[in-house]
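>>> Build me a structure from this.
(one chain, ligands or ions: 2)
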Amino acid sequence: MADVTPLEIQQAIRNVPDFPQPGIQFKDITPLLGDARLFAGSIDLLTEGFTPGQVDTVVGIDARGFIFAAAAAYRLRAGFVPVRKKGKLPYLTHEQTYQLEYGTNTIAIHVDAIRPGARVLLMDDLLATGGTAAAAAELVRKLGGQILQIAFLIELSHLQGRARLAGYPIRSIVVY
Ligand SMILES: O=P(O)(O)OC[C@H]1O[C@H](OP(=O)(O)OP(=O)(O)O)[C@H](O)[C@@H]1O
Ligand SMILES: Nc1ncnc2[nH]cnc12
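Ligands and ions are numbered 1, 2, ... in the order given. From the prediction side, this is the model:
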């Protein structure tokens, strides 16, 4: 059981208007990360319902997703696998390109990162349009991983990212 509430977590997320560009309300998680109780509580909430032995691999998305996914992997005694922006992983990769609001982006995973049939939690800090998570889920699927859940600390619901992730169980802790 987590000893923090989603409301406490929401209150520790700072809204920064017009970053990185005009019109964007940036959700700054650094005040939350700097608070020992709230950071631990956020990991408890993201992993609630799972116990060690039920998950083989936690996949985290570059870069802020690493923070939560690595801590969750430790808590669940699971392995940690990074999905990175293109060009950062040293070994053979699978890549997936997806649409951003303007232009495209490409993410990658090592070809041997996930054992076929592995039980996977996919994790990121924030769900916006869902393009990033959908591309990461496709990479996991390509390697034969079985996604048990996709978990986000923050969901920006007006961007309808959930619709892009139809078919996957989704968890988000703080919804705007
Ligand atoms: O749902 P989407 O519209 O795809 O957006 C969500 C993604 O955007 C942010 O990552 P960003 O690319 O800014 O990378 P960062 O974590 O390295 O800052 C966030 O951490 C998610 O990964
Ligand atoms: N509004 C936002 N705040 C923080 N990270 C984001 N990634 C995409 N949209 C974001």
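>>> Now do the strands in the chain.
14-17, 25-28, 57-61, 79-85, 93-99, 104-110, 119-127, 146-155, 170-175 (DSSP state E).
>>> list the contacts for Leu92?
By Cβ atoms under 8 Å, 6 or more residues apart in numbering, the residues touching Leu92 are His110, Val111, Asp112. (Glycine included, C-beta is placed from N, CA and C.)
>>> can you do 6 Å?
Residues in contact with Leu92 (Cβ atoms under 6 Å, 6 or more residues apart in numbering) are Val111.
>>> Just the pLDDT at it, thanks.
Per-residue confidence at Leu92 stands at 98 (pLDDT).
>>> ditto for Met1
67.
>>> swap in the one 5 residues further on?
At Pro6, the pLDDT value in this model is 98.
>>> now it: how far from Arg84?
29 Å (Cβ to Cβ, to the nearest Å).
>>> For the spatially most central residue of the chain, give me its contacts.
For the chain, Asp124 is the residue whose C-alpha lies nearest the centre (Cα atoms, centre = their mean; 1.3 Å). Neighbouring residues of Asp124 by Cβ under 6 Å, 6+ apart: Ile61, Gly65, Ala133, Phe152.
>>> try 7 Å
Applying Cβ atoms under 7 Å, 6 or more residues apart in numbering to Asp124 gives the contacts Ile61, Gly65, Thr132, Ala133, Phe152.
>>> And Ala12, by the same measure?
Neighbours of Ala12 in contact, by Cβ under 7 Å, 6+ apart: Pro31, Leu32, Asp35, Leu38.
>>> if I look at the first one, how far off is Ile13?
Okay, so that is Pro31. Per Cβ to Cβ, Pro31 is found 7 Å from Ile13.
>>> The two: which is more packed in?
Ile13 (19 against 12; other Cβ atoms under 10 Å).
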